[in-house]
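# Predicted model, plus sequence, below.
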Amino acid sequence: MIERVRTSFRDTFRTLRTLVLEVIGGFFLALAVVGAVDGVQNYRRYVDGVDGALWRVVLDGIFFVSMLGFGLHSFWRSRKIRR
């Protein structure tokens, strides 16, 4: 019974999985943009001489790279499913 359902709805499940991965990838890329904007602001504070701003720049860089990596990986996985 389960195999019949899987066979019948295989394309539907594949499309839904692709959609979910693309939405999650878009969410992660949006978070990367937010992290990049915050990193630029903290870098300007660091240049102005605010104490502790260097750590914020480093943490924003780590956040940006990780969110960008998660977003691109999610899109790559969704592309892999389409083939």
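Arrived safely, thanks for sending.
# all contacts plus neighbour counts: C-alpha atoms, from now on.
OK.
# what distance separates whichever strand or helix holds Val58 from the centre of its chain?
Using DSSP states H and E, Val58 maps to helix 53-82. Relative to its chain's centre, helix 53-82 lies at 5 Å (Cα atoms, centre = their mean, to the nearest Å).
# Average pLDDT for it, rounded please.
For helix 53-82, the mean pLDDT works out to 92.
# in it, what's buried?
Using 16 or more other Cα atoms under 10 Å as the test for burial, helix 53-82 gives 53-54, 56-57, 60-61, 63-64, 66-68, 70-72, 74-75, 77-78.
# Kindly report the same for stretch 31-48.
31-32, 35-36, 38-39, 42-43, 45-46.
# Helices - which of these land there?
The helices, defined by DSSP state H, take in 31-32, 35-36, 38-39, 42-43, 45-46 from the buried residues of stretch 31-48.
# Check those residues against Ser8 and report the nearest one.
Within those, distances to Ser8 taken as Cα to Cα reach their minimum at Leu31, with 36.7 Å.
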